[in-house]
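just a sequence and a predicted model for now, questions to come.
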Amino acid sequence: MQNGHAAEKACVEAPTPPTAITAIDAVDYDGQLDRKLTKLKQLFQEFETPELEVFTSPPTHYRMRSEFAVEQRDGPLHFVMFERPPAEAAEAAGPEAGQEVGLGQEAGPEAGAALEQEAGLEQEQEAGEGEEEPERVAGQQAEAQADASTSAAAAAGAPAAAAAVAAAADGKQGKGKKGKKGKKGGGKPKGPQRVRVDTFPVATKQVNELMAVVREEADKTPELRQRLFQVNFHTTLAGDAMVTLLYHRKLGPEWQEAAERLRDALAATPTAAAAGVRPHVIGRSRKQKICLDADFVLERLTVDGRPFVQKQVEGSFSQPNGRVCQHMLTWAQDVTRPAAAAAAVAEEAGKEGAAVATAGGPEDDLLELYCGNGNFTIPLAANFRRVVATEVSKSSVEAARYNMEANGVTNVFLARMASEEFAVTMRERGTRRRLEGLEGWEALRLRTILVDPPRAGLDAFTVELLKEFDRIVYISCNPDTLHANLKAIAPSHRIARFAAFDQFPYTHHLECGVYLVRR
Ligand SMILES: C[S@@+](CC[C@H](N)C(=O)[O-])C[C@H]1O[C@@H](n2cnc3c(N)ncnc32)[C@H](O)[C@@H]1O
């Protein structure tokens with residue numbers, strides 16, 4: 001199933017020695033994926049796994065969103081990224097990583113979130129934040145953390161912020177300053193290097209079109225350029241796009257006028273013009289956010305031939321590789337399809353001593369934890385009688401509600417709740433204010449669970465909850481934490497389907513999907 005297109009030539013002028021971004025032109029897509037798959041199979045060899053299903057990415061222009069620091073001295077403005085020197089990237093990524101290309105700053109599943117965290121500035125309070133129930137303990141902490149990492153409110157930050165993303169790509173909560181400390185220590189890693197990026201083959205063609213216009217317009221418009229330190233681009237397969245400009249100064253009406261003119265120029269770029277959209281422009285500085293019209297884009301995803309609309313909010317989580325995301329959704333929809341569930345159950349029943357999973361299809365309710373903007377919830381809802389979905393980030397929950405309505409999905413109960421809290425409540429068959437309106441536990445037929453946690457994987461409460469389900473769909477962007485969680489689940493459940501989705505080509509990251517049924 002792997003495709004092997006030659007990677008397109010990157011046009012990157014790097015003031016530093018060749019780094020990961022330039023290496024993409026030499027890289028062989030199939031080779032990098034094969035190495036990751038080999039590692040994955042080795043890691044999971046202790047489990048009895050079926051044949052791995054592999055879903056490839058386009059070899060270039062696959063990433064829907066990208067963030068760049070801005071370098072401006074006396075001459076023209078440039079976009080820059082911060083990259084680990086190849087040797088450091090290799091060290092951080094493990095023994096075989098020298099063969100991998102470490103597109104550190106764009107790579108990690110939560111790269112954008114890490115960048116915002118690293119910005120380390122005050123988070124704007126989301127409205128309604130004070131209405132917490134007193135009994136929420138573990139949940140509250142997780143909720144605060146998730147909002148901190150996904151809220152676009154962490155606007156103003158140090159230009160070194162992007163350095164943290166390289167660390168995040170290696171699964172570390174790195175801070176830019178640590179790199180400096182390392183330098184002083186002598187013999188320690190130099191830390192990420194600054195690389196000028198004029199075009200970025202990792203990002204969509206539309207991001208590249210928008211980058212050129214932002215640079216050109218900012219160069220000739222002091223109002224746009226003054227103290228601009230970062231630009232974030234968010235595009236969609238549908239052609240809708242959003243550009244966020246981050247400043248170290250207060251923004252006023254003059255900025256707004258200049259930004260409107262920038263919008264006109266962005267609307268004239270080929271992809272936006274073909275789609276008939278006027279990209280959204282957002283200006284941010286400390287405690288300030290100016291939206292010219294909206295702070296979201298509307299994506300259109302096709303899942304098993306069916307189109308879905310998806311609101312993706314600035315700064316909130318959305319899957320970075322739109323085409324691979326469509327594969328993930330189609331796969332998840334397939335494994336939870338009533339017939340597929342029934343087949344897996346029947347196969348299991350043929351095994352001596354195996355318990356039969358009893359339900360499926362319209363008799364089955366789905367519990368989904370970490371539902372984000374409803375990415376999986378909406379296409380999967382048709383496979384179930386009812387879906388109970390939870391997510392901790394307020395902006396994602398709001399987007400999920402919008403997405404349910406926009407797609408005519410009416411069988412989902414959605415609660416803003418941390419998974420830890422939901423796990424404890426469900427195991428106790430307890431109640432919470434945020435679960436008001438949910439039919440009683442005894443009326444629900446929750447036999448299938450889908451989880452898509454952040455890189456850290458599942459907490460102990462949630463792992464215990466998973467074991468109560470006949471069928472488990474585990475989507476993971478971190479094979480290591482997936483592996484650790486599966487060790488606890490494998491005694492009671494076997495892996496019926498196993499998939500790898502190459503969301504993050506040329507990095508050591510790999511998205512996985514595992515479908516388990518009770519033994
Ligand atoms: C990898 S994303 C997946 C989101 C969604 N399933 C999708 O496909 O877009 C993980 C999600 O978990 C949420 N999250 C993080 N920690 C959480 C927690 N403790 N409880 C519930 N949700 C959490 C994040 O806000 C984020 O939306």
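Received, thanks.

what about the stretch 151-300 of the chain, any weak spots by pLDDT?
151-190 (pLDDT under 70).

ok, 80 please
151-192 (pLDDT under 80).

and if you look at the stretch 351-500 of the chain?
If you take pLDDT under 80 as the line, the stretch 351-500 of the chain has these spans: 351-363.

contacting residues around the closest residue to the ligand within it?
Distances between the stretch 351-500 of the chain and the ligand by C-beta to the nearest ligand atom are smallest at Gly372, namely 2.6 Å. The C-beta positions use only the backbone N, C-alpha and C, and glycine is treated the same way. Gly372 sits next to 316-318, 391, 393, 396, 399-400, 452 when contact means C-beta atoms under 8 Å, 6 or more residues apart in numbering.

export those residues to TSV and tack on distance to Arg261?
Below are those laid out as TSV (distance: C-beta to C-beta, whole Å):
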residue	distance to Arg261
Ser316	28
Phe317	31
Ser318	28
Glu391	37
Ser393	33
Ser396	32
Ala399	29
Ala400	35
Asp452	40
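
residues from the protein in reach of the ligand?
Contact residues, the chain versus the ligand (C-beta under 6 Å from any ligand atom): 142, 146, 150, 317-319, 370-373, 375-376, 391-393, 396, 418-420, 452-454, 477.

mark which of the residues you listed are buried, thanks.
Among the residues of the chain next to the ligand, those scoring as buried are 142, 146, 150, 317-319, 370-373, 375-376, 391-393, 396, 418-420, 452-454, 477 (criterion: 16 or more other C-beta atoms under 10 Å).

these in strands, which ones?
Glu391 (DSSP state E).

which SS class is Arg256?
Just so we're on the same page, residue 256 is Gln rather than Arg. helix (DSSP: H, G, I helix; E, B strand; the rest coil).

I'd guessed it sits against Asp293; true?
No - the pair Gln256 / Asp293 is not scored as a contact, 11.4 Å apart, by C-beta atoms under 8 Å.

more crowded one of the two?
Gln256 (14 against 10; other C-beta atoms under 10 Å).

skipping adjacent residues, who's closest to that one in space?
Ile290 (6.2 Å; C-beta to C-beta, 6 or more residues apart in numbering).

what's near enough to touch the one you found?
Contacts of Ile290 by C-beta under 8 Å, 6+ apart are 251, 255-256, 259, 282-284.

mind listing residues that contact the helix or strand harbouring Asn232?
Using DSSP states H and E, Asn232 maps to strand 228-235. Strand 228-235 has contacts (C-beta under 8 Å, 6+ apart) with 64-70, 72, 77, 79, 112, 157, 159, 161-162, 203-204, 206-207, 210-211, 214, 218, 241-248, 271, 297, 312, 314, 318.

buried residues in it, which are they?
228-235.

nearest residue to the middle of the chain?
For the chain, the residue sitting closest to the mean C-alpha position, by C-alpha atoms, centre = their mean, is Gln319 at 4.0 Å.

residue contacts, the residue nearest to it when sequence neighbours are not counted?
Among residues not flanking Gln319 along the chain, Cys325 sits closest, at 3.9 Å (C-beta to C-beta, 6+ apart). Remark: with contacts taken as C-beta under 8 Å, 6+ apart, Cys325 is in contact with 301, 319, 375, 503.

so which strand or helix has Cys325?
With DSSP H and E as the test, Cys325 turns up in helix 322-335.

how far is that helix from where the chain is centred?
Put simply, helix 322-335 sits 14 Å off its chain's centre (C-alpha atoms, centre = their mean, to the nearest Å).

returning to that earlier point: what does the pLDDT read for the residue nearest to Gln319?
Cys325 carries a pLDDT value of 98.
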